Every structure is written in structure tokens, then in C-alpha cells.
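K.L.:
fold the following for me, if possible:
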Amino acid sequence: MLNSDLIPSLLSKLHENQLALEASIMEISNWVEQRGSTDVAENVRGALETIGNNEKFIKLTLAVLMTPD
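P.N.:
Numbers count the residues shown, from 1 in each chain. Model prediction:
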């Protein structure tokens, strides 16, 4: 059975992982662009926009979940 008290902590850690992956992928995108593959870098940045667009909702949801009853 799932301990519902752990869900906010779990979601928070998943969010941290998502942000870390976003940052590392952006670094790789910059590296790729510096080597002349601007199309690839642009495609990666376009995909990363999804993470950025969803971040506000994730933060809001975490804030609601972390608020004591």
C-alpha cells in the first residue's frame, strides 16, 4: 500500500530530476550548436520548451500538495 504522505516528496524529487535533466540537455544542445549542428540544437531546444511550459503547473501542484491540511 502506498503511503500518501510520501507522494509530495516523491513528486518534488521527480521535479528536481526533471530540472537537472533539462539543464544537462541544454548544455549538450549548446555544445552541439558550437560544432555546427544548429538544426539539431534548435530541435532539442524546441523539445525542452515542453519542460519549461509544464514547470509552472508542476510547481503550483507541488505547493498545493505540500500545504498542510
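K.L.:
gap between Val64 and Asn3?
P.N.:
Noted for Val64: a distance of 19 Å to Asn3, by Cβ to Cβ, to the nearest Å. Any C-beta I mention is one placed from the backbone N, CA and C, and that applies to glycine too.
K.L.:
chain neighbours aside, what residue packs nearest to Gln18?
P.N.:
Of all residues not flanking Gln18 in the chain, Ile51 sits nearest, at 6.4 Å (Cβ to Cβ, 6 or more residues apart in numbering).
K.L.:
show me what counts as buried in the host helix or strand of that neighbour.
P.N.:
Element membership for Ile51, per DSSP states H and E: helix 38-66. Neighbour counts over helix 38-66 (16 or more other Cβ atoms under 10 Å) mark Ala41, Val44, Leu48, Ile51, Ile58, Leu62 as buried.
K.L.:
where is pLDDT lowest across those?
P.N.:
Comparing pLDDT over the buried residues of helix 38-66, Leu62 scores lowest. The value there is 77.
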